[in-house]
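Student: Need the 3D shape of this:
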Amino acid sequence: MTPSEFRRLFSPAHWALVAAGLVACLAVIAALIWFATAPGRERARAAEARAEAQMSQARTSSAADAVESAGRQALAEDQIHRNTEASENAIRNAPASQRTGVALDELCMRKSARHDPQCAGRVFDYDAAGVAARSR
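Tutor: Have a look, this model is predicted:
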């Protein structure tokens with residue numbers, strides 16, 4: 001290699017040209033990668049939008065279920081309170097000689113005591129919700 005070729009090969013202008021070529025090649029490669037992955041990004045965005053819509057629907061459904069459940073719980077508590085008051089009134093209003101039997105009847109009408117051996121043979125009419133009807 002002659003000194004003039006050597007100087008030309010390692011001159012700043014030559015390296016600037018080489019650097020510009022490398023930057024251009026990297027830019028082309030980056031653009032190819034960008035455009036090649038564009039459909040994947042669109043699919044990912046669409047999937048994210050679908051997931052967000054499903055989560056929003058699930059949150060709405062969950063809130064509706066919670067409200068419904070709270071309403072059912074309030075109705076059940078109200079029914080229990082009414083049954084307790086009715087039982088208390090029935091026991092208080094019964095003649096003294098019949099209070100034990102009335103109290104046992106009132107106890108056996110409760111769902112928690114239906115299968116108790118002391119309640120065997122006592123017949124009550126139950127509605128669709130499983131609440132014993134008072135036959136007196």
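Student: and Ala53, that one's in a strand?
Tutor: No - assigned with DSSP: H, G, I helix; E, B strand; the rest coil, Ala53 falls outside any strand and is helix.
Student: Could you check how far it is from Cys108?
Tutor: 52 Å (C-beta to C-beta, to the nearest Å). (Each C-beta comes from the backbone N, C-alpha and C, glycine too.)
Student: Spell out, range by range, the strands that occur in this protein.
Tutor: Using DSSP state E, the strands of the chain run over 125-126, 132-133.
Student: Can you tell me the centre-most residue of this structure?
Tutor: Nearest residue to the geometric centre of the chain (C-alpha atoms, centre = their mean): Ser62, 5.4 Å.
Student: one step back: among Ala53 and Cys108, which residue is more densely surrounded?
Tutor: Neighbours were counted for Ala53 and for Cys108 using other C-beta atoms under 10 Å; Cys108 has more, 19 against 10.
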